[in-house]
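> With the input below, show me the fold.
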Amino acid sequence: MERLHHYLDTQLARAPDAPAFSDTLGHDWRYRDLEAAVADVVDLLRGHGVQRGDRVMILAENCCAVVAVIFATSRMGATAVPINARQTAAEVARLTDHVAPAVVLMTSDVSPDAIAHAERLGAGPVSGRFGRLHMVLRASAPDVADDVAVQLYTTGTTGTPKGVMLTHGNIRFGGRSSARLRDMGPGDLIYGVLPMTHVFGLASIMTAAVYAGVPVRFEPRFSAERLYTALTEGVTLLSAVPQMHALLMQYAKEQGHDRLRGGRLRYVSSGAAPLDPAWKRKAEAFYGVAIQNGYGMTETSAGTCATSNAIGDPDISVGPALPGVEIRIDDSVPGGGDGTGEVLTRGPHIMKGYYRNPQETARVLDADGWMHTGDLGRIDDRGHLHILGRSKELIIHGGFNVYPPEVEAALNDHPQVIQSAVVGMMVDGDEKVVAFCQVSDADRPDAEALRAFAAERLAGYKRPSRIILAQDLPAAPTGKVLKHKLLDHFAAELSRP
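As a prediction, this is how the structure comes out:
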């Protein structure tokens, strides 16, 4: 079986002195440096009893050591379980109980939150050519299948955690597809701010980079200022979520820049949320290159569909299926009909299943291998997929279907709105449309003017009954807005008349 680390072996044979990864700790690794770091992690883990089939949890923020741990577990036949260190102690405890790892590692030199977890767990420092980490031993027994490379936990999980088991084949496919889609080559430089604890950063950035031999500049946390600087210093490939793009453009605006100047940027993509036409035009004018869109989820190794559009193309779909991937629409679900329905997908990108959760696995993976995504969409006459939102986020107001991305697109068209998120709220037996708009205090719009702006663009049943303005919206480490937290987070504002 081909494993994830075989991509590393290929680069070691091809160009061992080529640049590989750098980070904010001062590491600047070539492939031979990465291999030395991997060897030290393997020695460390084996010396503490880690064996094939074990889970190795790493509470992490982006740095070179995370890459070394992931490739080391691949060499050992163990499974890496990257968890974002910014999760709370209660969340980490819950996930640790579910994972039952042999060891827990922490990227303590790059993450204040990892230091806090290390102190709470009584972890001790360990060091090697990978740098310095903290580690604590746990009691476990191997029980993960030999082909599982990585186990990732879905964003915003509530109740029983869902650990997505991704095979070596899944991750290799995701990395290879991303590299080919972006036409990655050794002359490129990737900005790696998307966390490797998320499938986007792990497969589409880290794995793609090793497959193609492209160096990555890691950042542990997003900063609009640092990103702007990096884009003027040679970064050629930028993959981010809409919030990051919006905050970067807001930062540039505050600095008196209407567009990015200088640098070698040639490819920009946006994922994890739908695009809208006005935002796409604005972003392309800012970057000076086309904005590509895509669709995927943790369970599909990040990639299912992606665009390859020219600048100025009005297409706001997520593109056609990637080579080797199938998609279809099931219009029998609630909110479906006339070509609209739940997105189903099948192919080498589909997860093995949810760890220790066969019931949920059986619910989303059918006997024919189709993954039931829970997303509503339609396929146009060119074979491009359009995502209309999560089926569970569909708002039924006054008997009409309201798709939140359509309302968000209208609000995002306002020049003073950084981004918006729309949810339904049950009031007196009907589901009301409620919008939360992220704005800058220095450039804050008038709520009534914003309501009138939306009314010009939306049918009456789609218009928000409430618009809440805020400087920040609750978000995952990737920048993806956590819609399920909005009503509770803004409960005080919503309680006011």
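> Could you list the low-pLDDT ranges of the stretch 301-450 of the chain?
Where the stretch 301-450 of the chain drops to pLDDT under 70, the residues are 335, 391, 398-399, 429.
> which residues touch stretch 373-389?
For stretch 373-389, contacts defined as CB atoms under 8 Å, 6 or more residues apart in numbering pick out 274, 295, 297, 299-300, 304-305, 307, 315-321, 327-329, 333, 335-336, 339-345, 364, 390-392, 394, 403-406. Just so you know, the C-beta spots here come from the backbone N, C-alpha and C atoms, and that holds for glycine as well.
> So which of these belong to helices?
The helices, defined by DSSP state H, take in 364, 404-406 from the contacts of stretch 373-389.
> what would the residues you listed look like in CSV with distance to Ala435?
CSV is the format used below for those (distance: CB to CB, whole Å):
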residue, distance to Ala435
Val364, 30
Pro404, 9
Pro405, 12
Glu406, 12
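> Could you identify the most distant pair in those residues?
Greatest spatial distance in the ones in helices among the contacts of stretch 373-389: Val364 and Glu406, 25.8 Å, computed using CB to CB.
> Which residues are in contact with Ile58?
Ile58 sits in contact with 66, 69, 80-83, 104-107, where contact means CB under 8 Å, 6+ apart.
> Chain neighbours aside, what residue packs nearest to it?
Among residues not flanking Ile58 along the chain, Leu105 sits closest, at 4.4 Å (CB to CB, 6 or more residues apart in numbering).
> Quick check: next helix or strand after the strand or helix carrying the one you found?
Secondary structure from DSSP states H and E places Leu105 in strand 103-106. Counting by DSSP H and E, the next helix or strand C-terminal to strand 103-106 is helix 112-121.
> ok so, going back, who wins for most neighbours among the ones in helices among the contacts of stretch 373-389?
Pro404 (24 neighbours; other CB atoms under 10 Å).
> Could you pull up the residues touching that one?
Pro404 makes contact with 389, 393, 395, 421-423, 483, according to CB under 8 Å, 6+ apart.
> which non-adjacent residue is nearest it?
Excluding its sequence neighbours, the residue lying closest to Pro404 (CB to CB, 6+ apart) is Val422, at 4.0 Å.
> Run me through the strand neighbours of the helix or strand harbouring that neighbour, direction for each.
Take DSSP H and E as the rule and Val422 turns out to sit in strand 419-427. Strand pairing for strand 419-427, determined by DSSP bridges: strand 430-438 (antiparallel).
> Go through the strand it pairs with and flag the buried ones.
For strand 430-438, the neighbour count (16 or more other CB atoms under 10 Å) marks 431-438 as buried.
> Where does the prediction get shaky in the stretch 101-250 of the chain?
Ranges of the stretch 101-250 of the chain meeting pLDDT under 70: 141-142, 144, 155-161.
> which residues in it form helices?
Taking DSSP state H, counting those that start in this stretch to define them, one finds helices in the stretch 101-250 of the chain at 112-121, 168-181, 199, 208-212, 224-231, 242-254.
> Using CSV, lay out those together with mean neighbour count and distance to Ala39.
Converted to CSV, the helices of the stretch 101-250 of the chain look like this (neighbours: other CB atoms under 10 Å; distance: least, CB to CB, whole Å):
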stretch, mean neighbour count, distance to Ala39
helix 112-121, 18, 23
helix 168-181, 23, 19
helix 199, 31, 26
helix 208-212, 24, 16
helix 224-231, 17, 30
helix 242-254, 20, 35
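> Distance to Phe218 added to these, as CSV?
Converted to CSV, those look like this (distance: least, CB to CB, whole Å):
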stretch, distance to Phe218
helix 112-121, 15
helix 168-181, 16
helix 199, 17
helix 208-212, 10
helix 224-231, 11
helix 242-254, 15
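> Which one, of those, ends up nearest to Gln471?
Nearest of those (CB to CB): helix 242-254, 11.0 Å.
> helices or strands next to the closest one in the packing?
If contacts are counted by 3 or more CB pairs under 8 Å, 6 or more residues apart in numbering; DSSP states H and E, helix 242-254 sits against helix 224-231, strand 267-270, helix 277-287, strand 419-427.
> In JSON lines, list the ones you listed along with distance to Ala470.
Shown next, in JSON lines, are the helices and strands packed on helix 242-254 (distance: least, CB to CB, whole Å):
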{"stretch": "helix 224-231", "distance to Ala470": "18"}
{"stretch": "strand 267-270", "distance to Ala470": "22"}
{"stretch": "helix 277-287", "distance to Ala470": "19"}
{"stretch": "strand 419-427", "distance to Ala470": "10"}
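> so which of those gets nearest Tyr153?
Per CB to CB, nearest to Tyr153 of those: strand 419-427, 21.9 Å.
> Return the closest one as CSV; C-alpha atoms alone will do.
Provided in CSV are the C-alpha atoms of strand 419-427 (Å, rounded to 0.1, in the frame of the first residue of the first chain):
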residue,chain,number,x,y,z
GLN,A,419,-19.0,39.4,5.8
SER,A,420,-22.4,38.1,6.9
ALA,A,421,-24.0,35.0,8.2
VAL,A,422,-27.7,34.2,8.0
VAL,A,423,-29.7,31.7,10.1
GLY,A,424,-33.3,30.9,10.9
MET,A,425,-34.9,31.7,14.3
MET,A,426,-38.3,30.3,15.3
VAL,A,427,-40.7,33.1,16.5
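> ok, Met135 - contacts?
44, 48, 103-106, 123-126.
> what does Gly234 give?
Gly234 neighbours (CB under 8 Å, 6+ apart): 189, 263-264.
> so what are the domain limits for the protein?
5-169, 222-390, 394-495 (automatic domain parsing).
> Turn the ones you listed into CSV, including distance to Phe200.
Below are these laid out as CSV (distance: least, CB to CB, whole Å):
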stretch, distance to Phe200
domain 5-169, 10
domain 222-390, 5
domain 394-495, 7
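> Looking at these, which is nearest to Val199?
Using CB to CB, the nearest of the domains of the chain to Val199 is domain 222-390, at 4.5 Å.
> Can you give the distance of the closest one from its chain's centre?
When C-alpha coordinates are averaged (CA atoms, centre = their mean, to the nearest Å), domain 222-390 and its chain have centres 10 Å apart.
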